[in-house]
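>>> my questions concern the predicted model and sequence given below.
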Amino acid sequence: MTLYLERKKSTIQEIKSALPYVSSITFDNNKIQIRVENQKGIWGFGERFDSLDQTGKIRVNKVYEKFTNQGENTYIPVPFAMLSDFGIFINTEEIFNFSSRKIDSSIIITLDLPSSDEEVFFFVGKPSYQIKNYLLLRANLLFHLIGVLVLG
C-alpha cells in the first residue's frame with residue numbers, strides 16, 4: 001500500500017503527525033483502521049440517499065444497477081470521504097468496504113481494500129481544501145490516462 005500526504009509519498013508516522021485529530025492509525029495487509037477524535041461526521045463515498053453522514057455505516061464502493069430507492073447502495077460510488085479536518089481518497093477501481101463506528105467522542109474508521117497495491121491519499125484541511133485537492137488529483141490522473149491512451 002502506498003500512502004500519500006497531499007500528493008507526497010509519506011510514511012505512517014508522517015501522516016499521523018499531520019492529522020491532529022487522529023489518535024491512532026494502523027495498517028495490516030489490506031486493512032486500514034483510523035481512530036479520530038472530535039469530528040462532526042464522515043461525508044462522501046458517492047451519491048447516497050439514505051444518509052449524508054456516513055458515521056456508523058457500512059459502505060461498499062461498488063456500482064449497483066438500480067435506478068431509484070437504492071437505500072444504502074449507490075450507482076455512483078466515489079472512493080473519497082471527508083471529515084471536518086481531513087479527507088481520504090482511495091485510488092482504486094476495485095470494490096472495497098468502508099465501515100465506521102462511534103465510541104464516545106471517537107470515530108473508528110475501517111477500510112478493507114482489495115489489495116496491498118492501492119494508493120491512499122490524505123488531504124489535511126477544511127472541506128473546501130479537501131475537495132479542491134481531490135479534484136486536482138483526479139484531473140492529473142485523468143490527463144495522465146489521456147496522455148497514455150493518445151501517445152501510447
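Structure received.

>>> go ahead and confirm Asn61 touches Ile95.
Yes - Asn61 lies in contact with Ile95 (Cβ atoms under 8 Å); the separation is 6.1 Å. All C-beta atoms are positioned from the backbone trio N, CA, C, and that covers glycine.

>>> out of the two, which sits in the more crowded spot?
More crowded of Asn61 and Ile95, by other Cβ atoms under 10 Å: Asn61, with 22 against 13.

>>> who's in contact with that one?
Listed by Cβ atoms under 8 Å, 6 or more residues apart in numbering, the contact set of Asn61 reads Phe45, Gly46, Pro77, Val78, Pro79, Ile90, Thr92, Ile95, Phe96, Asn97, Phe98.

>>> for the chain, which segments count as strands?
With DSSP state E as the criterion, the chain has strands at 2-5, 8-9, 22-28, 31-37, 43-44, 58-60, 80-82, 86-91, 97-103, 106-112, 119-124.

>>> so what secondary structure elements neighbour the last one?
This means strand 119-124. strand 2-5, helix 12-18, strand 86-91, helix 127-151 (3 or more Cβ pairs under 8 Å, 6 or more residues apart in numbering; DSSP states H and E).

>>> between that strand and strand 106-112, how big is the angle?
For strand 119-124 against strand 106-112, the angle by axes from the mean of the first three to the mean of the last three Cα atoms, to 10 degrees is 160 degrees.

>>> from the rest of the structure, what touches strand 119-124?
1-7, 10, 15, 18-19, 32, 85-92, 111, 113, 129-130, 133-134, 137.

>>> list the buried residues of that strand.
Val120, Phe121, Phe122, Phe123, Val124 (16 or more other Cβ atoms under 10 Å).

>>> would CSV of the residues you listed with distance to Asp50 and pLDDT be doable?
Listed next are the buried residues of strand 119-124 as CSV, based on distance: Cβ to Cβ, whole Å; pLDDT from 0 to 100:
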residue, distance to Asp50, pLDDT
Val120, 26, 92
Phe121, 26, 94
Phe122, 26, 94
Phe123, 25, 93
Val124, 29, 92
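
>>> dump the residues you listed to a markdown table, plus distance to Asp104.
Listed next are the buried residues of strand 119-124 as a markdown table, based on distance: Cβ to Cβ, whole Å:
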| residue | distance to Asp104 |
| --- | --- |
| Val120 | 26 |
| Phe121 | 28 |
| Phe122 | 24 |
| Phe123 | 26 |
| Val124 | 24 |
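
>>> sounds good, over and out.
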